[in-house]
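In: pasted the sequence and its predicted model underneath.
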Amino acid sequence: MALRSIINFILFQGVWFMALLLENSALLPISCVLFLMLFLSQQKKQDSLLLVCGLFVALVFEFLMVKFGLLGFKSNPFPFWFVLLWSALILTINTSMQFLTRLPWQLSLVVCAVFAPASYWAGARFDVITVMQPLWFFWLIYGVSWAVMFNCILALNTFIKLKIKTKTVLS
């Protein structure tokens, strides 16, 4: 399990850097990495369902953040590489970021609120995204909002897992 988590983490980091450095030029390689992440998944059904449902939640959230002016991209509302980056992040939830699912929800909120805005700030440093200024305000508002949204995705993941387990038991 530890090796799978390390590989999953490395694949996600690769997607993150390809997205920020190459943007739309990285669509094909990122897509290949996403297929690899799914192929290596030990819970393909759960990850696939979470990918569909969680991606919807995440993209609606990001769309609203763009509309409220907290984020900005070169293409409106956001580029396709960003969708793929989110897909990769969702595919880490049951593997390399599984620790978040084990934390008490309050601690998970704090972890997400502190660290998620850092990723967006880094994206701004790569000039692929703009974040609302002043930075402290963005970090506070976006961090708390993102943490709540991501914890909803974590709850959705738990729901999906229970539904799959229930269907397996009943079959």
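Out: Okay, I see it.
In: longest helix in this protein, please.
Out: For the chain, the helix that runs over the most residues, judged by DSSP state H, is helix 135-170.
In: can you give me the buried ones in it?
Out: Residues of helix 135-170 classed as buried under the neighbour-count rule (16 or more other CB atoms under 10 Å) are 138-139, 142-147, 149-151, 153-154, 156-157, 160-161. All C-beta atoms are positioned from the backbone trio N, CA, C, and that covers glycine.
In: now it: mean pLDDT?
Out: Per-residue pLDDT over helix 135-170 has a mean of 92.
In: stretch 8-21 too?
Out: 97.
In: now swap in stretch 40-53 and tell me
Out: Stretch 40-53 comes out at a mean pLDDT of 97.
In: what about the helices in the protein?
Out: 2-22, 27-40, 44-67, 80-90, 99-102, 105-125, 135-170.
In: looking at these, which is nearest to Lys74?
Out: Closest to Lys74 of these is helix 80-90 (CB to CB; 10.4 Å).
In: just the mean pLDDT for the closest one, thanks.
Out: 98.
In: show me what it is packed against.
Out: helix 2-22, helix 27-40, helix 44-67 (3 or more CB pairs under 8 Å, 6 or more residues apart in numbering; DSSP states H and E).
In: what residues sit buried inside the longest one?
Out: Under the neighbour-count criterion of 16+ other CB under 10 Å, helix 44-67 has 46-47, 49-51, 53-55, 57-59, 61-62, 65-66 buried.
In: and for the shortest one?
Out: Going by neighbour count (16+ other CB under 10 Å), the buried part of helix 27-40 is Leu27, Ile30, Val33, Leu34, Met37.
In: contact partners for the last one?
Out: In this case it means Met37. Neighbouring residues of Met37 by CB atoms under 8 Å, 6 or more residues apart in numbering: Asn8, Leu11, Phe12, Ala88, Leu91.
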